[in-house]
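Undergrad: using only what follows, build the 3D model:
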Amino acid sequence: MRLSTLAVLCVVFVAATAIQRITDRSEKQTLNKNELFANNIQNIHDGRNDLFCNNDTKFIEGVKLPVIREEDELVLKRTGFTVSYNKVWKVPNWVAWTLTPERAKGKVKRADDFLPDPDLDESHRATDADYYRARYDRGHMAPAGDMKWDEQAMQESFYLSNICPQAPNLNRGDWRILEENCREWAAKGHTLYIVCGPIVENGKQSKRIGKNKVTVPDHFFKVILWGGSEPQAIGFIFPNDDCDKELFDYAVSVDKVETVTGMDFFHTLPDELEEQVEKMETCKF
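TA: Prediction:
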């Protein structure tokens, strides 16, 4: 009886071990992408990243502004960024800027003075009053934290042409965390080319706020490109709600962002390089 019981226990143990191994292997395959992305983000904090070269600003300067298949576009050149403004939505189509190591270490104080864009006709612009009593934050596209290198750049970042209605927890949470990560990467000697903006799915049927009927985006995107010895790029898509997730939950390829937005981000890169960086879904930050 004892021998029979022992044999049964051995069989159960072996079977349980085999099942656990299969489960572990399955979970590892499922989490592989997320773990890789999370580990790469951690590499920035651990100082193990040496992919960037000090001369990658020259690489970034060869990248032109995005191409958008959108009729309602007014391009506004600012001190620290460029805006493609949508006069119908009263928010940008996209905002693009270069974040260098020097700019990431700027010391200019935050302006905190949201203003209508003086270069826009009154019929086309948003005002601060549009956000009163709305449940949305005034969410920066080009963040004020990236403009601390110049007082004019800082002030212009508070023009409402650079602002979108953004869910409070997104603006103060996951969106802000990615902004801070970008400044950390740049401060370590890396030059980044960044484009971000809203995703409006329903056009004229979208929710609006305020007297000027400012469009509330359904999602937001951000794409980041850096050069050096191993050029890479990554995209992110965030829902415009009070989400709270890890950054890798929002990570997608730049190709995916282009499909969703109808934009072409790195069209002036050599075709082979553009194809290579735009299909990446994980990166060695």
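Undergrad: residue 223 and residue 237 touch, don't they?
TA: No - Residue 223 is not in contact with residue 237 according to Cβ atoms under 8 Å; the separation is 9.9 Å. Using the backbone N, CA and C atoms, a C-beta is placed for each residue, glycine as well.
Undergrad: how about the strands in the stretch 1-150 of the chain?
TA: 67-68, 74-77, 82-86, 91-99, 137-140 (DSSP state E, counting those that start in this stretch).
Undergrad: possible to save the ones you listed as CSV with mean neighbour count, distance to residue 151 and mean pLDDT?
TA: Below are the strands of the stretch 1-150 of the chain laid out as CSV (neighbours: other Cβ atoms under 10 Å; distance: least, Cβ to Cβ, whole Å; pLDDT from 0 to 100):
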stretch, mean neighbour count, distance to residue 151, mean pLDDT
strand 67-68, 16, 30, 76
strand 74-77, 14, 17, 93
strand 82-86, 23, 19, 95
strand 91-99, 24, 16, 95
strand 137-140, 21, 17, 98
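Undergrad: now distance to residue 262 too, for those strands, in JSON lines please.
TA: Below are those laid out as JSON lines (distance: least, Cβ to Cβ, whole Å):
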{"stretch": "strand 67-68", "distance to residue 262": "7"}
{"stretch": "strand 74-77", "distance to residue 262": "17"}
{"stretch": "strand 82-86", "distance to residue 262": "12"}
{"stretch": "strand 91-99", "distance to residue 262": "10"}
{"stretch": "strand 137-140", "distance to residue 262": "22"}
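Undergrad: residue 204 is nearest to which of those strands?
TA: Each of those has some distance to residue 204 by Cβ to Cβ; the shortest is strand 82-86, at 12.1 Å.
Undergrad: list the buried residues in stretch 215-225.
TA: Applying a neighbour-count criterion of 16 or more other Cβ atoms under 10 Å, one finds 215-217, 219-225 buried in stretch 215-225.
Undergrad: just flag the most distant two among the residues you listed.
TA: Of all pairs drawn from the buried residues of stretch 215-225, the one with the longest distance (Cβ to Cβ) is 216 and 225, at 28.1 Å.
Undergrad: helix or strand: which one has residue 186?
TA: Element membership for residue 186, per DSSP states H and E: helix 175-187.
Undergrad: skip ahead from that helix and say which helix or strand is next.
TA: Sequence order places strand 192-199 as the next helix or strand after helix 175-187, per DSSP H and E.
Undergrad: thinking again about what came up before, buried ones in the helix holding residue 186?
TA: 175, 178-179, 181-183, 185-187.
Undergrad: what residues does it touch?
TA: Taking contacts as Cβ atoms under 8 Å, 6 or more residues apart in numbering, the residues outside helix 175-187 that touch it are 41, 44-45, 49, 99-101, 103-105, 139, 143, 145-146, 166, 192, 194, 220, 222, 224, 226, 236, 238, 247, 250, 285.
Undergrad: type out the ChimeraX command that picks the buried ones from those.
TA: Restricted to the buried members of the contacts of helix 175-187, where burial is judged by 16+ other Cβ under 10 Å, the ChimeraX selection command reads as follows:
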select :41,44,49,99,100,101,103,104,139,143,145,146,166,192,194,220,222,224,226,236,238,247,250,285
